[in-house]
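*Asks:* next come a sequence and a model predicted from it.
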Amino acid sequence: MIEEQARVVAIEGHYALVETQRKSTCESCVVNKGCGTASLSKVFGRKAVQLRAVNHTNAKVNEQVVIGIDEAWLLKGSFVAYVVPLVLMLLCAGIGEMIGARLWGGQSEGVTILAAMLGLAAGFIWLRRYTNNLRQSDVCQPEILRNVPSETRIEFKSNPVLNRQE
């Protein structure tokens, strides 16, 4: 289980809208003074991120909690997000190459490129529908695991644009 501290911003039924600080690994890196990624991290700062989590602990607004997500779902989601559009793109490019070669001989690059773009678009459309279906179930949702003891709480810098009053 991957865990992170968060602050409850709002309650929506059996879900809680939680806010957590975006972190950068650049803070602990030895070469962060001369790194371009570290410079970008400093420019964009540590912005707050809000997400919906299953509220198993009946947490209240402004309480600090520990949220978690299962590593298996995170790995599966990453795999699906990267591999499915890529595989569909390559599959459609191959089909486009075969169709173009049969219809126009050796001049089939345009058909191959068009088929690859259509395959990539189909992969993204499928991914969008797949993730929308997953959002409806609690299977891969982050969940509130426990309240944070007062001695281990972190300071949250709220982003007024993200805060919603319920």
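*Replies:* Cool, got the structure.
*Asks:* next one: phi and psi at the residue lying farthest from the centre of the chain?
*Replies:* Ranked by distance from the centre of the chain (Cα atoms, centre = their mean), the top residue is Gly105, with 43.3 Å. With angles defined as degrees, to the nearest 10, Gly105 sits at phi 70, psi -130.
*Asks:* downstream of the lowest-mean-pLDDT helix or strand in the chain, the next helix or strand is which one?
*Replies:* Scoring the helices and strands of the chain by mean pLDDT, DSSP states H and E places helix 36-44 at the bottom, with a mean of 61. Using DSSP states H and E, the next helix or strand after helix 36-44 towards the C-terminus is strand 48-54.
*Asks:* tell me what that following strand is packed against?
*Replies:* Strand 48-54 makes packing contacts with strand 2-12, strand 15-21, strand 143-147 when contacts are defined by 3 or more Cβ pairs under 8 Å, 6 or more residues apart in numbering; DSSP states H and E. All C-beta spots, glycine's among them, are computed from the backbone N, C-alpha and C.
*Asks:* same thing but at 10 Å, please
*Replies:* Using 3 or more Cβ pairs under 10 Å, 6 or more residues apart in numbering; DSSP states H and E, the elements in contact with strand 48-54 are strand 2-12, strand 15-21, strand 64-69, strand 143-147.
*Asks:* mind showing which ranges of the protein have poor pLDDT?
*Replies:* Applying pLDDT under 70 to the chain flags the ranges 22-47, 138, 150-166.
*Asks:* and it, what are its domains?
*Replies:* 1-70+141-166, 71-139 (automatic domain parsing).
*Asks:* hey, C-alpha coordinates of stretch 111-123 in PDB?
*Replies:* The C-alpha trace of stretch 111-123 is given here as PDB (Å, rounded to 0.1, in the frame of the first residue of the first chain):
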ATOM      1  CA  VAL A 111      -1.800   5.000 -45.200                       C
ATOM      2  CA  THR A 112       0.500   3.600 -42.500                       C
ATOM      3  CA  ILE A 113       0.800   6.900 -40.700                       C
ATOM      4  CA  LEU A 114      -3.000   7.500 -40.900                       C
ATOM      5  CA  ALA A 115      -3.800   4.000 -39.600                       C
ATOM      6  CA  ALA A 116      -1.300   4.500 -36.700                       C
ATOM      7  CA  MET A 117      -2.900   7.800 -35.700                       C
ATOM      8  CA  LEU A 118      -6.300   6.200 -35.800                       C
ATOM      9  CA  GLY A 119      -5.100   3.300 -33.700                       C
ATOM     10  CA  LEU A 120      -3.500   5.700 -31.100                       C
ATOM     11  CA  ALA A 121      -6.800   7.700 -31.000                       C
ATOM     12  CA  ALA A 122      -8.800   4.500 -30.500                       C
ATOM     13  CA  GLY A 123      -6.400   3.500 -27.700                       C
END
